[in-house]
Each structure stands twice: as C-alpha cells, then as structure tokens.
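A.B. asks: sequence first, then the predicted structure, then my questions.
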Amino acid sequence: KKYVYLFSEGKASMRDLLGGKGANLAEMTNIGLPVPPGFTITTEACNAYYSNGENVPDGTWDQVWPALAEVEAATGKLFGDKKNPLLVSVRSGAKFSMPGMMDTVLNLGLNDDTVEALVVNTQNERFAWDCYRRFIQMFGDVVLEVEHYNFEQILETAKEKQGVHYDSELSAESLKWMVTEYKKKIERKTGKPFPMDPKVQLELAVLAVFRSWNNDRANVYRKINNIPHDIGTAVNVQSMVFGNMGSDSGTGVAFTRNPSTGEKALYGEYLMNAQGEDVVAGIRTPQPIATLAQENLEIYNQFVEISSRLESHYRDMQDIEFTIERGKLYMLQTRNGKRTASAAIRVAVELFHEGMISKEEAIMRIEPEQLDHLLHRRMDTGAKLQVLAKGLPASPGAASGKIVFSAEEAERLGEAGEKVILVRTETTPDDIRGILAAQGILTSRGGMTSHAAVVSRHMGKPAVCGCDALKIDYGQDLVVIEGVEYPAGSIFSIDGSSGRVIKGEVAMVDPELSENFKEYLDWADEIARLRVMANADTPTEATNARNFGAVGIGLTRTEHMFMDPERIPIVQEMILAQTLEEREVALAKLLPMQEGDFYGILKAMQGLSVTIRLLDPPLHEFLPHSEELIVEITKLKMTQNDPDTLHEKEALLRKVRALSELNPMLGHRGCRLGVSFPEITVMQARAIFQASARLVKEGYDIHPEVMIPLIMGKEEFLMMRKLVDDTAAEVMREQNVSLHYKVGTMIEVPRAALLADEVGKVADFFSFGTNDLTQMTMGLSRDDAQGKFLPAYLENKLMSTDPFVVLDRAGVGKLIDMAVKLGRGTNPNLGLGICGEHGGEPNSVEFCHMVGLDYVSCSPFRVPIARLAAAQAVV
Ligand code: PEP
Ligand code: MG
C-alpha cells in the first residue's frame, strides 16, 4: 500500500488522502510554484496507526526514506550531513483545517554536528544556535512531552544572566548555554538523552503528529465543528526555508482579497528577518503587504503574480503563507480564505463578474445561515464578554439595556428614551406593549416557538428564551442568577444568535444591505423553483418582508392583532360575554379595527397574495395570568378602597379559571373556536371582505386568501368554509363588488394529513403548519421540549437535530409528502406551502423543494435565507 506521496505526486482533489495542507502543497508544486520540496504521509497511515494499536503500518518507513532521498536530491542537501544538512518541518494536516489543534515540529535534523554546518553555511553563529535551541524546545515539548515551562525557566535564566530583555537580544554564547541546559533537562525528565540521530528524530516526530490527532483539544475542536473523528491526519515533511536569515529574508501571510469587506486588493502583512512565530508573538510590528513593493519590488511583483495565479487556479479567494529566504520567494501554504458574510457575498458576486465562476457556483458559495449576520445588529466580535447564563437563541440580533420585569415598566422607560431588556418568565399577549418598547426579550421559560420567540422574530427583535438559570422574583423586582441578585435597572446584554446573557453593555455593529447582496439574491430567485413568502402580521412587517424579497404573505396570525393594548379590553369583553348578544356587541367594536388591519396589509402587498388565518390560540391567552390576578386582588383587598375594581378582577379570575385547560395546545383553539363561536369567524371574514371591497373600489389589485387553522378533517373545514363563503357573498351584495378569494386550510393535525385527499377536494390550498404538526406527530410539546428533555435526546444522539428547528424528514416529512400526493391527487390545482418556523430553515426548505411544495413562508428577516436555500435546493 502506498502511504507516502511526494508533493509532485499529489493533487488538490486528494484531500481525503493527503489532508488539506498536503493536497494544496502538491497542487502548488504541480502548477510550478516555488514550494520547498517535501512529501506527505497519508491519513490512511494515521488510521492504520490507530487500528493497529498505535503502531505505524508495515512498510511506512520503507517508503519514507526513499521519499526523503528525493527531497535531498531536489534541494542538494543531505539529512544529517556535516557540511550541507537538510532540515525539515513536520506538520499535521487533516482534511479539514483544525488550526493550532495538532502538533508541528520545525528545524528537525539539527544536532550537535549539523548546527556547526549551519554556522558555517549561514556565516551566522547566532542564527544557527537560535534554530537549534528552538528545535530542542519544540521537540522536547511536543514529541518528548516535557512541559513547556521547563524550557521557559531556562530561557528566563539565560536572559537574566546576560542582562537582556528580549529573546532576540540573546547572544550566541547564551544560546549555546541554553542548548546544554535544555538537553540536561530533557535527559532528567525522560531518562534518555536527546536524540542526535535525525532519522530517529523524524520517526518520533511523525508518531507525535499521529498521536496529536487524538489529543483533548483536537477532540473538542472536532466535536464543535462537526468534523468526524475517524478521518485521521496526514503528516507533511517539508524542507525548511528560513525567513530569519538576515535582512533579505522574511515571512508573511496574505489574503488575495480583503477578508472583512471582500474588496479586491492584496491584504496581509509580513516581517523581514523573522519566522512565523515572531509575527504571532507580536514583539515587532509587521508591515502591510504593500510596503513589500518598496522593500523588494521584484519579490513583490512575483508575489502579486503568484497570488492572482492561485486565485484563478482555485477560483476562490486564497489565504497564502510565504517565506523569503535570501531574496528567494517560497510558497508555504494556500487555502480558501475564511471571510465574513459580507465579504463572502462581495467575493462571490465579483468572481462571477470576473468570469471565474458561474451564477450557480456563486449561489453555492455561501451558507444560507451566514446571511443572518447581515440582517441583524450583532455584538462586536472584539468585545470582552462576561457571560452570566445561556438560553435558547430564540431570535437573532443583539441588544443591551436596563433589565425590567414588567411590560409597563418597559414601556415607561422606553418612552423616556431608555434602552431596556424585558425579562419575564414567559411572555403573553398582554406583554406586547413592553416587547415593542424593549430592545430585547429574555425569558426563563418557553421554547423556540413560544410566544416571546415568535413575536420577537417577527419584529426582528433579539430574544433569548428558556433561560433556566434565571430565577425571577417579581415581588422584589430582581432576578437571581447562580446565587447573585441583579435588581431592576442592572445593565444586561443578550445575544439572540447564540443565546448568551451577558453582564453590562456590549459594543454593537449595525447591519447594512449592499447592492451586491441584492444582486446575489436576485440570482437566487432566477434559479429557485420554490417561491418565498413571509409570515407577517402588520403592514410594517409586510413592507419589511417585501423589501427582503417576499412574494406574498403565507401567514398572517390574526391573534397578534388582538394583542394590541388598545384592543385587549375589548377582546376580553368578547371572551367574558355571557350571552351571544353580549359577545356580538364586543365583536362589533372589533370589526372596524380588524378591517383596518386587513386593509393595511392587503394594500402593502398589492399585486401579491395574502393568506389570513382565522383566530387560532386558546382564549385564555388573552387574559391575565391567574397568579398576577391573585396578587392584584390581594392588594385591593388590603386597601379596601376600590370595591368595583375588586369585583371586576374577581370575575376575571373566575373566567380565567373556567377557561384554563390542562392541555391547552390540544384544547379549545384553532377552528374549534369557530365551531363554538361561529360569530367570531363571521366577524373576521367580514373584516377581510369589507377591507377587500374598499381596496377593489380604490383600484387595488388584491389577493386575499382565508386560512382555517387546526382542522382534523373535511367536516370542520366545510363548516368554516360555509361561514366564510356566505359572508363573502353578503359583503359582495352589500357593496356591489365582485371579489376573488380563496379558502384553504392549515395541515397541522396528523389526521388532516392522513385524510388530505378528502380535504383537498374541498380546499383551495394547504399550508403545512409544521410547528403543530411536529408537536402532534412526535408527541413533543413545542413549549416545553427544548428547555427540558430535547437536549438529552440530542446528547444521546437519539436525534441529530432539534425537530422544531430542522424538519424531521423521516416522520413529519413523510406525512407532508403523503398529504401532498393525496391532496394533488384529488385536486390538481391545490396550492401547497408551509408556514411553520421550518419555512425559513435551509435544510427544511430543501425538503419542501423535494416534495414539490409551491412556496415556503417564514419570518420577514429569514426571507433572504430561504431565497438562497431555495436556489441551493435546485443546484
Ligand atoms: C404551525 O403550527 O406551524 C403554525 C404556523 O401555526 P402556529 O405556530 O401559530 O400554531
Ligand atoms: Mg399551528
């Protein structure tokens, strides 16, 4: 088996076998770039080493020595030679970059003899001995596992003895003394002398790199970055070049484009007479790469030429390491450069315009989730953070402000121009005022689809939910985190993208949408088949959604309109009504308000369809919490001076108790409200059609679609549809206009999916409500699972992802696929979409494409992500 490849034998596509670094060194060698000669020991050898009880596979060394001989021939140097010794670096290099996680040894091949040759050849005694002492230190630390501080102590003593401050000031004499001390230390610690034979050094170093694949930090890094544990690392053995051989030598790193902005200009820095670690150590300040033109124009031009060659060759922005040894340029590494999201877009767009990549390739260059960074304020990456706790990353973006524990307080301070973070155990419709006034929302309970999370995402407001560590004490107006009390008014910051809760204020960076960004997403639309709509409840959200490129509204949750603080009392009046007559009085007050809502949204979306869902949540959500009422009632009883309010509150509490359900998510909600109270359905339908009639008369082109929630079969749907159709006919007669509209249904109860053929016959469209469909198919509470037991499922690998975030293709997906086929089977014109939170998640969007939906609908701020994901599903 071939375990060793000379650089000239490999190529870029051999990353699995040669690792990323080895494959790129080979590729660069073969396109004729100046790469110091070397060879790669394969990842297969590493894997065999592990399956072999930590023994290198037979035949490896028999291949290493001839490869080394080739390197000797290419460089004209000999390993261990007393006149012209070859020195090599030994570096790890897995398929995926794992910066700094595994081990590296430089200057290997030095010993008491070869160091003397280096003195003669370089005419620089200090340089040679410095290389030698660095080598022993690195080898001792990495290969022989003698801890680093042992060498640091000797280094400090040497500097003290000589009376100098910096390593670079140490004399050759001091360095020689250090070498002796290093060797003594190693012999004492390991019981063996430092190996003088370069071949033994090489064997030991290769084994150490193999071992470092399995060290703690590498294991952790792989876990965090989802890199498989069984792919192993390759080992690259490469002849050394020195950037510290004098003023005509140097070393540097450069990107072919600016990694933060994407601007097309070489970006990087270098340091003359230095090695890589000097640049990192920060003792001397590196120069910007442009200065190299003054230092050595010829080398600079050569570097510019090579960079652009590398970029065209790899057809992507490169991150390049180079060294200049005595006026000769060497390329040590190149890889696709890491970049910010905005740079990624600019680079992709410009590479297309430069003719280097196709639109399809450009579309595949960016992870949809990366776009999220561009759409929200975020924390300055350089900021120092004191993280207090972690919750669910419920709504992206970051915010800082004073913590407050009630919506009223949030509103009061907000109006006074203060920045606040609203902290609640959970939020209810009652809190909407406070949510509007706050910079961000933090809750101790509730999952990714809890009220706080959904509302915040819609508004584009940061939120962290389900943060268990918070113990909120409303009575004392404080929150306790790990035993520490934080009173109202303390400054917190939250990061809704990571779920972190941070003490104090944090610097923020604002989002901006560039022309590149718009152009890029237009390409996505050209390629995509799925259309992207938005979930939006207000004209502002609708306009936002349009600006982000939504081609319609796939879900308007009308309950959010009922949460308006002005309306809550009327909504409560409707709920508390004892008789139909009383209820109709309240409904009559709500009608013009709802009509105004629909008028605004339909107008903002003229020319596009707007799907309006009838009232969905259980009614008690519009009433205060019983605990809060009890507190108020107790206070009123104590003061005894407001008996009317006391009676009112007591009546309210009775109603709250009467409406309370043990299992509200499976309780009196969705179309069941309309079955019990058809007058509510009629009021909403009337509001929709009256608004539509007005708009049609004003000349607007509108497309209202009425959606019935939570049906389990065609019977409920038919009852609701009749109420809607009859109301529409009435309004058309009254107003003397003709209206075009559709009536469809959500598919969010498994039974409705199972009977989709029957439902499809009578509905104009289906919209998969995958929040409830996931909840009911998997039997997982959407409000409790994420905070409580899902983490254990993920940890035990019972699930690979959270099914409320990434659609469960196997189960829920199977139901959707089936319902699509059944529905289309009986109604070929059936419209098909999704409006659960999954509609904005790339993996789920791909699934929606695969099963043949017409559109996905998601929060306005996720529309760009969904557009890109929809295009990627095609490519
Ligand atoms: C759903 O269940 O997926 C849905 C969109 O409805 P809601 O989240 O309002 O229950
Ligand atoms: Mg639902």
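C.D. replies: In hand now; what should we look at? Ligands and ions are numbered 1, 2, ... in the order given.
A.B. asks: shaky segments in this structure?
C.D. replies: 277-284, 429, 448-449, 512 (pLDDT under 70).
A.B. asks: show me where the stretch 301-450 of the chain has helices.
C.D. replies: Using DSSP state H, counting those that start in this stretch, the helices of the stretch 301-450 of the chain run over residues 341-353, 359-364, 372-375, 407-415, 432-437.
A.B. asks: okay, the ones you listed in a markdown table with mean neighbour count and distance to ligand 2 next?
C.D. replies: In this view, the C-beta of every residue, glycine as well, is placed from N, C-alpha and C. Formatted as a markdown table, the helices of the stretch 301-450 of the chain follow (neighbours: other C-beta atoms under 10 Å; distance: least, C-beta to the ion, whole Å):
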| stretch | mean neighbour count | distance to ligand 2 |
| --- | --- | --- |
| helix 341-353 | 21 | 32 |
| helix 359-364 | 18 | 32 |
| helix 372-375 | 20 | 24 |
| helix 407-415 | 19 | 25 |
| helix 432-437 | 21 | 19 |
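A.B. asks: export those to TSV and tack on distance to ligand 1?
C.D. replies: Below are the helices of the stretch 301-450 of the chain laid out as TSV (distance: least, C-beta to the nearest ligand atom, whole Å):
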stretch	distance to ligand 1
helix 341-353	28
helix 359-364	28
helix 372-375	20
helix 407-415	21
helix 432-437	15
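A.B. asks: how about the residue of the stretch 601-750 of the chain found nearest ligand 2, phi and psi?
C.D. replies: Residue of the stretch 601-750 of the chain nearest ligand 2, by C-beta to the ion: E748 (4.7 Å). For E748, the backbone dihedrals (degrees, to the nearest 10) come out as phi -140, psi 0.
A.B. asks: quick one: it and M707 touch, right?
C.D. replies: No: contact criterion C-beta atoms under 8 Å: E748 and M707 do not qualify, at 10.7 Å.
A.B. asks: which strands or helices does the longest helix along the chain pack on?
C.D. replies: For the chain, the helix with the greatest residue count under DSSP state H is helix 580-604. Helix 580-604 sits against helix 539-547, helix 559-562, helix 568-576, strand 609-613, helix 678-697, with contacts defined as 3 or more C-beta pairs under 8 Å, 6 or more residues apart in numbering; DSSP states H and E.
A.B. asks: which positions in that helix come out as buried?
C.D. replies: By 16 or more other C-beta atoms under 10 Å, the buried positions in helix 580-604 come out as 583-584, 586-587, 590-591, 593-595, 597-604.
A.B. asks: was I right to think M98 contacts I224?
C.D. replies: No: using C-beta under 8 Å, M98 makes no contact with I224, being 10.5 Å away.
A.B. asks: show me what contacts I494?
C.D. replies: I494 makes contact with 398-399, 421, 440-442, 462-464, 500-502 under the criterion C-beta atoms under 8 Å, 6 or more residues apart in numbering.
A.B. asks: out of these, who's nearest ligand 1?
C.D. replies: Here the nearest of the contacts of I494 to ligand 1, counting by C-beta to the nearest ligand atom, is A463; it sits at 15.6 Å.
A.B. asks: that closest one is in contact with S450, isn't it?
C.D. replies: No: counting by C-beta under 8 Å, A463 does not reach S450; the two are 9.2 Å apart.
A.B. asks: higher neighbour count, the two?
C.D. replies: A463 (34 against 24; other C-beta atoms under 10 Å).
A.B. asks: so how far is D784 from that one?
C.D. replies: Going from A463 to D784 by C-beta to C-beta, to the nearest Å gives 18 Å.
A.B. asks: do Q162 as well
C.D. replies: Taking C-beta to C-beta, one finds Q162 at 67 Å from D784.
A.B. asks: same check, this time on L868
C.D. replies: Counting by C-beta to C-beta, the gap from L868 to D784 is 32 Å.
A.B. asks: more neighbours, the two?
C.D. replies: L868 (28 against 16).
A.B. asks: check the separation of the first and last residues in stretch 367-380.
C.D. replies: 21 Å (C-alpha to C-alpha, to the nearest Å).
A.B. asks: cool, stretch 309-325 as well?
C.D. replies: 21 Å.
A.B. asks: mind checking how far it is from the chain centre?
C.D. replies: Centroid separation between stretch 309-325 and its chain, computed with C-alpha atoms, centre = their mean, to the nearest Å, is 28 Å.
A.B. asks: residues of it that come out buried?
C.D. replies: Quick answer for stretch 309-325 (16+ other C-beta under 10 Å): 310-311, 314, 316-325.
A.B. asks: overlap in contacts of A463 and S450?
C.D. replies: 394, 443.
A.B. asks: could you confirm V105 falls within a strand?
C.D. replies: Yes: per DSSP: H, G, I helix; E, B strand; the rest coil, V105 lies within a strand segment.
A.B. asks: burial of the residue nearest to N771 when sequence neighbours are not counted, as a residue count?
C.D. replies: Leaving aside its chain neighbours, N771 sits nearest to G836 (4.4 Å; criterion: C-beta to C-beta, 6 or more residues apart in numbering). Close neighbours of G836, defined as other C-beta under 10 Å, add up to 29.
A.B. asks: G836 and ligand 2: what is the separation?
C.D. replies: 7 Å (C-beta to the ion, to the nearest Å).
A.B. asks: can you show me the CA trace of stretch 607-619 as CSV?
C.D. replies: Extracted C-alpha coordinates of stretch 607-619, given in CSV (Å, rounded to 0.1, in the frame of the first residue of the first chain):
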residue,chain,number,x,y,z
GLY,A,607,-50.4,42.5,-6.5
LEU,A,608,-49.4,39.6,-4.2
SER,A,609,-51.4,37.1,-2.3
VAL,A,610,-52.0,37.5,1.5
THR,A,611,-53.0,34.5,3.5
ILE,A,612,-55.0,35.4,6.5
ARG,A,613,-55.6,32.8,9.2
LEU,A,614,-58.6,32.9,11.4
LEU,A,615,-58.2,33.2,15.1
ASP,A,616,-56.1,30.3,16.5
PRO,A,617,-54.9,30.4,20.1
PRO,A,618,-56.9,29.3,23.2
LEU,A,619,-58.8,32.3,24.5
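A.B. asks: go through it and flag the buried ones.
C.D. replies: Result for stretch 607-619 [16+ other C-beta under 10 Å]: buried residues 608-619.
A.B. asks: also within reach of ligand 2: list those from those.
C.D. replies: Intersecting these with the surroundings of ligand 2, defined as C-beta under 5 Å from the ion, gives nothing.
A.B. asks: residue contacts, the residue nearest to the spatial centre of the chain?
C.D. replies: Centre of the chain computed as the mean C-alpha position; nearest residue by C-alpha atoms, centre = their mean is E369, 5.5 Å away. Going by C-beta under 8 Å, 6+ apart, E369 touches 842, 865.
A.B. asks: if I look at it, how far off is ligand 2?
C.D. replies: 24 Å.
A.B. asks: could you list the residues of this protein in contact with ligand 2?
C.D. replies: 748, 769, 772.
A.B. asks: and if we set it to 8 Å?
C.D. replies: Contact residues (C-beta under 8 Å from the ion) of the chain with ligand 2: 616, 670, 709-710, 746, 748, 769, 771-773, 836.
A.B. asks: let's have the contacts of I494 in JSON lines, adding distance to ligand 1.
C.D. replies: Below are these laid out as JSON lines (distance: C-beta to the nearest ligand atom, whole Å):
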{"residue": "A398", "distance to ligand 1": "25"}
{"residue": "A399", "distance to ligand 1": "24"}
{"residue": "I421", "distance to ligand 1": "25"}
{"residue": "G440", "distance to ligand 1": "22"}
{"residue": "I441", "distance to ligand 1": "17"}
{"residue": "L442", "distance to ligand 1": "21"}
{"residue": "P462", "distance to ligand 1": "20"}
{"residue": "A463", "distance to ligand 1": "16"}
{"residue": "V464", "distance to ligand 1": "20"}
{"residue": "R500", "distance to ligand 1": "26"}
{"residue": "V501", "distance to ligand 1": "25"}
{"residue": "I502", "distance to ligand 1": "29"}
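A.B. asks: immediately after the one helix or strand Q63 maps to, which helix or strand?
C.D. replies: Here Q63 sits within helix 60-75, counting by DSSP states H and E. With elements assigned by DSSP H and E, the helix or strand that comes after helix 60-75 is strand 78-79.
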